[in-house]
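K.L.:
Let's see this in three dimensions:
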Amino acid sequence: MSPTFRLRWLNREGGELVYHVASSATIGRAADNDIVLDQEGVSRRHLEVRVDAGKLEAKDLFSTNGVYVNGKRVTETVLRPGDTLLVGRTLFRVEEQSEARVGETRALGATTIQVALDASKTEYPGGEPPTMRAADHLRALCRILELVNAAGPSEELYRHTLDALSQTLDAVFGAVYFGRDPQAAPVITIAKSNAVHTPSKTVLRRVLESGEAILANDPLAIAGIDPSQSLVRAADLAILCVPIGRGTEVTGALYLASDGDRHPLTEPELRLATIVGRTLALAVDQRRKAERIAAENDALRAEQVPVSDFSGKSQAFARVVDLAKKAARSDATVLVRGETGTGKEVLARNLHRWSSRATKPFIAINCGALAQNLVESELFGHEKGSFTGATERRIGKFELADGGTLFLDEVGELPADAQVKLLRALEERRFFRVGGSREIHVDVRLIAATHRDLARRVQDGTFREDLLYRIQVIELALPPLRDRREDIGDIADELLERWAATMGRPRPRLSVGALDRLRSHAWPGNVRELKNVLERALILGDGDVVEVDDIVLGSNVASTAGSPNAAHGAIGDASRPLRDVERDHIRAVLDACGWNKAKAADILGIGRTNIYEKIKQYGLEPE
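P.N.:
Numbering: from 1, shown residues only. Prediction:
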């Protein structure tokens, strides 16, 4: 018996098409080829493969971009088992099989659909002879597999998939649904211009809940389903509804309706649609993974990681660390309170590092730095076209943090409507993207932080009381730097070492006078202010020792340490009200920056919204 050769096409999602060649077959872009590759780089009739005297031969049919065997361009050659054949972007592997087997269909992802190109060696699933309908099905499947492998938006994939199926099955209506709610709107629909059809929610519910496919040429006779109004209206149509999913996991449904009298649906159509439903599930899963990875990379690139580690020996600091390590053992929501610059994000990062979620994402977002009209989009993401400027789908911070930790800094700055949606997301661990219809489930541990008195904001009506209770399960209060002055030396040494390493120079040491000056300052900006002071000292100083004159504090940002304003930066600060110290420090920074508010906010380590509030609060104006 002469051998039958196989061309095995492995797609990127793990599914396969195996073409059996017992005599000859043509490959090309035109629909009358035996293997249709409708893709860029493939000519209408690209090449021919033929079995002759027990050998498989390939012949280039004067294609534009050529035929490549094992990476080399050929005009005519003998293909041997193990050879690779590249046509356009599609790579085939040549195999030899002494006997053609009966076709098999398994769950896509490990699917091998056996396709015979010779009538005497039929292996179309089901063992039926290759008909025009079977050829149409295979061409549609090839087209859909090409779409799966191609880059592009998911909506484009759904629309083209529906187009391919509706043409093949002569459907008058098609829709793609995602989620488990049959009442939700479809993601994509297509319909012939004169067709009016309302999808049956009863059929959708059955498919979404059971995971079984339904084919009904008589919708009123579907077993186990009581006729609904939509089914009565669809009495003259044939309905085909299959799950979109992998294995037992159903993530959506593919719904089609055709003219039952003119084009009744049969088992091959059901099999084709089922394979397409599984293929879509794989494609969507891969696209979401790629989308998530890209968004995570963007978040990491934009993230400003604090310079200093969480360190200190004072009792006040040690108590916070001990409580934080205990809190890290659970998934309870944590509220971190503390003045600006005390290291709330650093504590949150260490909570994440000490927890069982340490290998998962840590996603940080400063609520005070967000424009109010974009808060919901930043937290929960949005769909393309959901509002002006939404030119593509965006994954929100909640979704990016799935499995890990979400850190909401300055949570007290959230607008009222965002507070409502945040509360629901925390309680139910699910949400919708802005403009989306698919409910997204996440497993996220939340850590929130604020320098505000949230209890007072609840009394003022600007913060929800129920949200405060939800985020205040465990509360950690970071002490200001002035209450743990014994830690200043260790923190300063660590910061100097890091900055010196960045600048490629030996780490200088602090003189006794410089250390005394640091310890006597009130530090309204806390560790962040200390970092800025030491960075400035390292840049302006030349020697191996940071001297007292290198330390510029408080309102001396724009002057020398010996100027009349220096009194505000030394011991005198400790006896002044914190409000006065903060006001003078903010004014000094603004003056030093020429009232460039963005630059001043960056130096102070606060959001632009916050600095505008401070200017208004203290009635500050340029001199």
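
K.L.:
Average pLDDT for stretch 281-295, rounded please.
P.N.:
Mean pLDDT, stretch 281-295: 71.

K.L.:
Tell me which stretches of the stretch 451-600 of the chain form strands.
P.N.:
In the stretch 451-600 of the chain, the strands defined using DSSP state E, counting those that start in this stretch lie at 474-477, 509-510, 545-546.

K.L.:
Take these and lay them out in JSON lines including mean neighbour count.
P.N.:
All C-beta spots, glycine's among them, are computed from the backbone N, C-alpha and C. Shown next, in JSON lines, are the strands of the stretch 451-600 of the chain (neighbours: other C-beta atoms under 10 Å):
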{"stretch": "strand 474-477", "mean neighbour count": "16"}
{"stretch": "strand 509-510", "mean neighbour count": "18"}
{"stretch": "strand 545-546", "mean neighbour count": "17"}
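
K.L.:
right, and the ones you listed - which one's nearest residue 60?
P.N.:
strand 474-477 (70.3 Å; C-beta to C-beta).

K.L.:
neighbouring contacts of that closest one?
P.N.:
For strand 474-477, contacts defined as C-beta atoms under 8 Å, 6 or more residues apart in numbering pick out 320, 323-324, 327, 332-338, 347.

K.L.:
quick one: which of the strands of the stretch 451-600 of the chain is nearest residue 200?
P.N.:
Residue 200 lies closest to strand 474-477 among these, at 49.1 Å (C-beta to C-beta).

K.L.:
hang on, the earlier thing: for the strands of the stretch 451-600 of the chain, give me CSV that also has mean pLDDT and distance to residue 59.
P.N.:
Formatted as CSV, the strands of the stretch 451-600 of the chain follow (pLDDT from 0 to 100; distance: least, C-beta to C-beta, whole Å):
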stretch, mean pLDDT, distance to residue 59
strand 474-477, 94, 73
strand 509-510, 87, 80
strand 545-546, 84, 80
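
K.L.:
Quick check: which ranges of the stretch 301-450 of the chain have low pLDDT?
P.N.:
301-311 (pLDDT under 70).

K.L.:
Of the contacts of strand 474-477, which is the most crowded?
P.N.:
For the contacts of strand 474-477, the largest neighbour count, defined by other C-beta atoms under 10 Å, is 28 neighbours, found at residue 336.

K.L.:
quick one: secondary structure of that one?
P.N.:
Here residue 336 is strand, with the state taken from DSSP: H, G, I helix; E, B strand; the rest coil.

K.L.:
So in terms of bridging, what pairs with it?
P.N.:
Note on residue 336: beta-bridge partners by DSSP bridges are residue 449, residue 476.

K.L.:
Among the contacts of strand 474-477, which pair sits farthest apart?
P.N.:
332 and 338 (18.8 Å).

K.L.:
just the strands in the stretch 301-450 of the chain please.
P.N.:
Secondary structure of the stretch 301-450 of the chain (DSSP E, counting those that start in this stretch): strands at 334-337, 362-366, 381-382, 394-395, 405-409, 430-432, 439-441, 445-450.

K.L.:
Per-residue pLDDT of residue 508, please?
P.N.:
As predicted, residue 508 sits at a pLDDT of 85.

K.L.:
show me the contacts for it.
P.N.:
496, 500, 538, 541, 543-546.

K.L.:
Got a ChimeraX select line for the buried ones in those residues?
P.N.:
Selection of buried members from the contacts of residue 508 for ChimeraX, criterion 16 or more other C-beta atoms under 10 Å:
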select :496,538,541,546
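
K.L.:
Put together CSV for the contacts of residue 508, with distance to residue 593 on each row.
P.N.:
Below are the contacts of residue 508 laid out as CSV (distance: C-beta to C-beta, whole Å):
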residue, distance to residue 593
496, 25
500, 26
538, 20
541, 22
543, 28
544, 31
545, 29
546, 24
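
K.L.:
Which of the contacts of residue 508 fall within helices?
P.N.:
Of the contacts of residue 508, the ones assigned to helices by DSSP state H are 496, 500, 538.

K.L.:
Looking at the residues you listed, spot the one nearest residue 8.
P.N.:
Nearest to residue 8, judged by C-beta to C-beta, of the ones in helices among the contacts of residue 508 is residue 500 at 59.9 Å.

K.L.:
Tell me, how many residues neighbour residue 352?
P.N.:
When neighbours are defined as other C-beta under 10 Å, residue 352 has 23 of them.

K.L.:
before we move on, what about residue 443?
P.N.:
Residues lying near residue 443 (other C-beta under 10 Å) number 12.
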